[in-house]
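Chemist: sharing a sequence plus its predicted fold:
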There are 2 protein chains.
Amino acid sequence: MTQLGNVTPLFQDLAKVEHEHNLACQECSLYRLCLPLGLHNNDLIQLDKIIKRSQSYSRGQPLFSTQTPFNSIYVVRSGSFKTTVSAVDGREQVTGFYFPGEFVGLDAIYEQAYRSNAKALESSSVCELPFDILQELGTNMPQLQVQMMSRLSKELSGDKSLMFLLGKKTAEEKLATFLLSISRRFQDRGFSAREFQLSMSRGDIANHLGLAVETVSRLFSRFQDEGLIEIHNKSISIRDSEKLKALCG
Amino acid sequence: MTQLGNVTPLFQDLAKVEHEHNLACQECSLYRLCLPLGLHNNDLIQLDKIIKRSQSYSRGQPLFSTQTPFNSIYVVRSGSFKTTVSAVDGREQVTGFYFPGEFVGLDAIYEQAYRSNAKALESSSVCELPFDILQELGTNMPQLQVQMMSRLSKELSGDKSLMFLLGKKTAEEKLATFLLSISRRFQDRGFSAREFQLSMSRGDIANHLGLAVETVSRLFSRFQDEGLIEIHNKSISIRDSEKLKALCG
DNA sequence: TTGTTTTATTGATCCAGGTCAATGCATTAA
DNA sequence: TTAATGCATTGACCTGGATCAATAAAACAA
């Protein structure tokens, strides 16, 4: 067994460091990645008041599904989540993975109903933002509205890139792109870009990239043989990020 | 040559009916599909003032590209557009088709730079919304902000469906889904859901659905043989929308 | 601990849809 | 009208990645 897991803590470990994630926005280590960024101190205190904190979810537990009445959007506080859209025949598409500071449930705003399902990938926690109160708050807090729009737009442009990936990239390019995307997001959160734990299964990765599990498994093995990565179960170490970048297309 | 083209006018013809598309929001036939929906009369007049109208584009002309400095978002007024994201190696993914009342350029807000390219598919016109002024206007017009967020969220949930399509659907399901999506959008705009003109090429359709042109062509022929549709060049007539719906998966 | 279930890996085979090639048909230009 | 160009259709063939099958190795439960 490799020791990678000890080198870079899982997101859930960060939560523990933060006194069981009870910190207000002002003291939260996610501040610069999160919604409150750019709010004036007064506004921040207002926003802080409406947030329901310390909601915890264990591995596999749903945050919401298309059956859940829509009341809130969520920001990941620790851990990670996946979202899926599914058809009546049971087919599912993993539409995204969400890490601390990222919003989940934004696609529900238009229909005022969740259009996807969200599940915790590991022990995780969220900040819950009751949408009607958030809306109300936005009425006399334009900076908050700007932030929200900005977030929605960011997810939109990420989705367009994903469309390119799904429609035009080869299996190899898809997996290389995925690895570097995860790596970058770890880095943005102050973790190592080189060594981390994948919280999602091979099945989730494959599904998200429009591939079969077997293909992902084979590619991981090949990337390892070629010295691009070292992988053992969920522990990944990026060995040659330049070559990996070159494979992204 | 079939007469379908005379049964249902192209969107560009609608524009002519509207006195060369110089109408203000209040009189615009797109009102109920567009941004101003739900604004109070006073606010509407304000919004109306900042809109640059009557911008016309001919077939193939770019509305913006990733090279264009970001200043505005656009609403299609007549005609239609496609957006693409492209890689350095020249590969392109058609990320969407846009019809009257639909927003183009929303994914630019986050980076304050266009992340995709937009091109007119036929003679078309847009309403241009200078983004900084729109933002400013939103400051004391919460209803406008709500509308904008709603629009962003709508596009988001459309993109998730498209991810499912790209990642999980068969070629047949993809094309059936595409046809019904276009049909529904024509209907929403007061046109026939059964007979209409496709403004995009087979190549654009194929690209958008993650297929080869040849596959799209073969499927159109098969759908016609099976009595689901009648197609002649760009004129389409939906013959059995129920069976088509059953093919969507 | 031991059994049970889930997840991952690896090999062998297959097929949906891509690629290549030839031809037909529209649209545009002169 | 004719020529030129680009888009669409159809057929023949091929391949990247799916599917099927067999183990192996984790994760979990009792």
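Modeler: Received the coordinates, thanks.

Chemist: tell me what A:Tyr57 is bridged to.
Modeler: Taking DSSP bridges as the rule, A:Tyr57 bridges to A:Ser124.

Chemist: what sits against it?
Modeler: Contact partners of A:Tyr57, counting by C-beta atoms under 8 Å, 6 or more residues apart in numbering or on different chains, are A:Leu63, A:Gly79, A:Phe81, A:Ala120, A:Ser123, A:Ser124, A:Ser125, A:Val126. For the C-beta atoms, the positions are set from N, CA and C on the backbone; glycine is no exception.

Chemist: so how far is DNA strand C from it?
Modeler: As judged by C-beta to the nearest atom of the strand, to the nearest Å, A:Tyr57 and DNA strand C stand 16 Å apart.

Chemist: turn the contacts of A:Tyr57 into JSON lines, including pLDDT and neighbour count.
Modeler: Shown next, in JSON lines, are the contacts of A:Tyr57 (pLDDT from 0 to 100; neighbours: other C-beta atoms under 10 Å in any protein chain shown):
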{"residue": "A:Leu63", "pLDDT": "97", "neighbour count": "24"}
{"residue": "A:Gly79", "pLDDT": "96", "neighbour count": "27"}
{"residue": "A:Phe81", "pLDDT": "98", "neighbour count": "26"}
{"residue": "A:Ala120", "pLDDT": "97", "neighbour count": "24"}
{"residue": "A:Ser123", "pLDDT": "95", "neighbour count": "19"}
{"residue": "A:Ser124", "pLDDT": "95", "neighbour count": "28"}
{"residue": "A:Ser125", "pLDDT": "95", "neighbour count": "23"}
{"residue": "A:Val126", "pLDDT": "96", "neighbour count": "29"}
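
Chemist: next, the closest residue to A:Leu129 other than its chain neighbours: secondary structure please.
Modeler: Nearest in space to A:Leu129, with sequence neighbours left out and distances taken as C-beta to C-beta, 6 or more residues apart in numbering or on different chains, is A:Ile73 at 5.2 Å. Recorded secondary structure, A:Ile73: strand (DSSP: H, G, I helix; E, B strand; the rest coil).

Chemist: enumerate the residues of chain A near DNA strand C.
Modeler: Residues of chain A lying close to DNA strand C (C-beta under 7 Å from any atom of the strand) are A:201-203, A:213-214, A:216-218, A:220-221, A:231, A:233-234.

Chemist: any idea of the pLDDT on the residue nearest to A:Leu129?
Modeler: We have a pLDDT of 97 for A:Ile73.

Chemist: which pair in the contacts of A:Tyr57 spans the largest distance?
Modeler: Greatest spacing in the contacts of A:Tyr57, by C-beta to C-beta: A:Leu63 and A:Ser123 (12.9 Å).

Chemist: assign A:Ser199 to helix, strand or coil.
Modeler: When classified by three-state DSSP, A:Ser199 comes out as coil.

Chemist: how close does it sit to A:Val76?
Modeler: To A:Val76, A:Ser199 is 11 Å away according to C-beta to C-beta, to the nearest Å.

Chemist: residues contacting the residue nearest to the spatial centre of chain A?
Modeler: With distances taken as C-alpha atoms, centre = their mean, the residue of chain A nearest its centroid is A:Tyr98 (1.3 Å). Counting by C-beta under 8 Å, 6+ apart, A:Tyr98 touches A:Val76, A:Ser80, A:Phe81, A:Lys82, A:Thr83, A:Val104, A:Ala118.

Chemist: just to revisit the earlier point, how far away is the residue nearest to A:Leu129 from B:Ser150?
Modeler: Distance from A:Ile73 to B:Ser150, by C-beta to C-beta: 13 Å.

Chemist: ok, the two, which is more surrounded?
Modeler: The residue with more neighbours, out of A:Ile73 and B:Ser150, is A:Ile73; 25 against 17, by other C-beta atoms under 10 Å in any protein chain shown.

Chemist: returning to what we had before: show me the residues of chain A next to DNA strand C that map onto helices.
Modeler: Judged by DSSP state H, helices contain the following of those: A:Arg202, A:Gly203, A:Val213, A:Glu214, A:Val216, A:Ser217, A:Arg218, A:Phe220, A:Ser221.

Chemist: dump the residues you listed into a markdown table; add distance to DNA strand D, neighbour count and pLDDT as well.
Modeler: Shown next, in a markdown table, are these (distance: C-beta to the nearest atom of the strand, whole Å; neighbours: other C-beta atoms under 10 Å in any protein chain shown; pLDDT from 0 to 100):
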| residue | distance to DNA strand D | neighbour count | pLDDT |
| --- | --- | --- | --- |
| A:Arg202 | 11 | 18 | 98 |
| A:Gly203 | 11 | 12 | 98 |
| A:Val213 | 7 | 14 | 98 |
| A:Glu214 | 4 | 10 | 98 |
| A:Val216 | 8 | 23 | 98 |
| A:Ser217 | 9 | 14 | 98 |
| A:Arg218 | 8 | 14 | 98 |
| A:Phe220 | 13 | 18 | 98 |
| A:Ser221 | 13 | 11 | 98 |
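
Chemist: hmm, A:Ala184 is touching A:Phe191, no?
Modeler: Ala isn't right for residue A:184; it's Arg. No: under the contact definition of C-beta atoms under 8 Å, A:Arg184 does not touch A:Phe191, with a separation of 10.7 Å.

Chemist: who has more neighbours, those two?
Modeler: Each of A:Arg184 and A:Phe191 has its neighbours counted (other C-beta under 10 Å); A:Phe191 has more, 20 against 12.

Chemist: sounds good, over and out.
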